[in-house]
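Trainee: Just a sequence and a predicted model for now, questions to come.
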Amino acid sequence: MFYGDSMLMKGPRFLKKLNKGRYLHGAYLICLSESPEDPLEFFSTSQLLQPHYKSCPPDISVCGLAKDRDEAIMVVEHIIDAAEAEGCATVRSFVEGLFT
């Protein structure tokens, strides 16, 4: 799991609440994209409060957490750098390896 600097302390507690279905404002989730062309995507947790998501919770693989959009971009860059440092062929394969 990758955290932005501002989420280091409260990130694990935030993820526990997220896993229980409590969607909170004020954070961005970095996830594996459903699109094969894009390895990662990020979005605000406030999107999960919309009626569509409440009736049909998404099956997402969260690999990072950030306070705001700018920090989410920095976390994505950090994930890409980590994948390159590990010598992985793709960012997707690197992130999927985190879940196994």
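Mentor: Thanks, I have the structure now.
Trainee: from here on, contacts and neighbour counts on C-alpha atoms
Mentor: Will do.
Trainee: need the helices for the chain, in chain order.
Mentor: 11-19, 51-55, 69-86, 91-98 (DSSP state H).
Trainee: So which of the ones you listed is nearest residue 30?
Mentor: Each of the helices of the chain was checked against residue 30 via C-alpha to C-alpha, and the shortest separation belongs to helix 69-86, namely 7.0 Å.
Trainee: Which residue lies closest in space to residue 32, excluding its sequence neighbours?
Mentor: The spatial neighbour of residue 32 that comes closest, neighbours along the chain excluded (C-alpha to C-alpha, 6 or more residues apart in numbering), is residue 40 at 4.7 Å.
Trainee: how much space between the one you found and residue 10?
Mentor: Distance, residue 40 to residue 10, using C-alpha to C-alpha, to the nearest Å: 22 Å.
Trainee: Beta-bridge partners for residue 30, please?
Mentor: For residue 30, the beta-bridge partners under DSSP bridges are residue 42, residue 64.
Trainee: coming back round to it: more crowded one of residue 40 and residue 10?
Mentor: A count of neighbours by other C-alpha atoms under 10 Å puts residue 40 above the other of residue 40 and residue 10, at 21 against 10.
Trainee: got a list of what that one touches?
Mentor: When contacts are counted by C-alpha atoms under 8 Å, 6 or more residues apart in numbering, residue 40 is found next to 30, 31, 32, 33, 76, 92.
Trainee: Count the residues that sit near the third one.
Mentor: In other words, residue 32. As a burial measure, residue 32 scores 21 neighbours (other C-alpha under 10 Å).
Trainee: Same question for the fifth one.
Mentor: The burial count assigned to residue 76 is 23, neighbours taken as other C-alpha under 10 Å.
Trainee: quick one: pLDDT of it?
Mentor: Each residue has a pLDDT score; the one for residue 76 is 95.
Trainee: Spatially central residue in this protein, please.
Mentor: When the chain is reduced to its mean C-alpha position, the closest residue under C-alpha atoms, centre = their mean turns out to be residue 30, at 2.1 Å.
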